[in-house]
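K.L.:
Sequence first, predicted model second:
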Amino acid sequence: MSTLEATRAELALVVLYLNKAEARDKICRAIQYGSKFLSNGEPGTAQNVDKSTSLARKVFRLFKFVNDLHGLISPTPQGTPLPLVLLGKSKNALLSTFFFLDQIVWLGRTGIYKNKERAELIGRISLFCWMGSSVCTTLVEIGELGRLSASMKKLEKDLKNTNKYKNEQYHSKLQKSNERSLALIKAAMDIVVAVGLLQLAPKKVTPRVTGGFGFVSSLISCYQLLPSPQKSKTP
């Protein structure tokens, strides 16, 4: 493959990635929280970027509540323990509520919705919903990691005299475990971000801490949205 063809292939992947509305939203999120980290709550250019990017992101999320509403009414995989099912559905319900209320916040910030006090109250309620969904996600990932760990240990016993890393089933479970571990880290960081935005612990979770955690969480989201490498097909 020539250099030009390789460049074309790489650019095609970049275009494919940037064509995702979710990817653009997470890139904007990284800019937003990076600016919050730099500003540390002080007026200036960084704070202006933070506020303007935050408002712009709300446009990306219009009608996004439908996604989690669909997840709420969709059937869960067979064999999933009831506590994990309930936590997963709670996460969907809270996240759907967050996105729905966030639209009213956007209407308030643009001046379409005139009641500023109510818009601010709705904004706080929406953030509490987001924090609740992050807590549910954290618990779900911990539970799923426990289930994966148990099944991997059982598989290790069956593959005692062979190289487990060459086993396709074990490799698949290991990959899922890594993905869930990353999702767990992101969800835990988002809880800290929500605490910072709600100013529940202003002395400990400062705007700089909120920005830092939000920036790293955004980078994880960007990474999670990368297209998975295609497996080579055997003839």
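P.N.:
Cool, the structure landed.
K.L.:
longest helix of this structure?
P.N.:
Identified as the longest helix of the chain according to DSSP state H is helix 116-158.
K.L.:
For A187, which residues are in contact?
P.N.:
Contacts for A187 (Cβ atoms under 8 Å, 6 or more residues apart in numbering) come out as S134, V135, T137, T138, E141. C-beta: built from backbone N, CA, C; applies to glycine.
K.L.:
Could you check how many residues crowd around the fourth one?
P.N.:
Residues near T138, counting by other Cβ atoms under 10 Å, number 21.
K.L.:
can you check the first one too?
P.N.:
Here the neighbour count serves as a burial measure; for S134 (other Cβ under 10 Å) it reads 25.
K.L.:
do the same with Q78
P.N.:
5.
K.L.:
Also K153?
P.N.:
9.
K.L.:
Can you lay out the contacts of A187 as TSV showing pLDDT and distance to K36?
P.N.:
Converted to TSV, the contacts of A187 look like this (pLDDT from 0 to 100; distance: Cβ to Cβ, whole Å):
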residue	pLDDT	distance to K36
S134	97	18
V135	97	22
T137	97	22
T138	97	22
E141	97	25
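K.L.:
May I see those organised as a markdown table, with distance to E156 added?
P.N.:
Listed next are the contacts of A187 as a markdown table, based on distance: Cβ to Cβ, whole Å:
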| residue | distance to E156 |
| --- | --- |
| S134 | 32 |
| V135 | 32 |
| T137 | 28 |
| T138 | 27 |
| E141 | 22 |
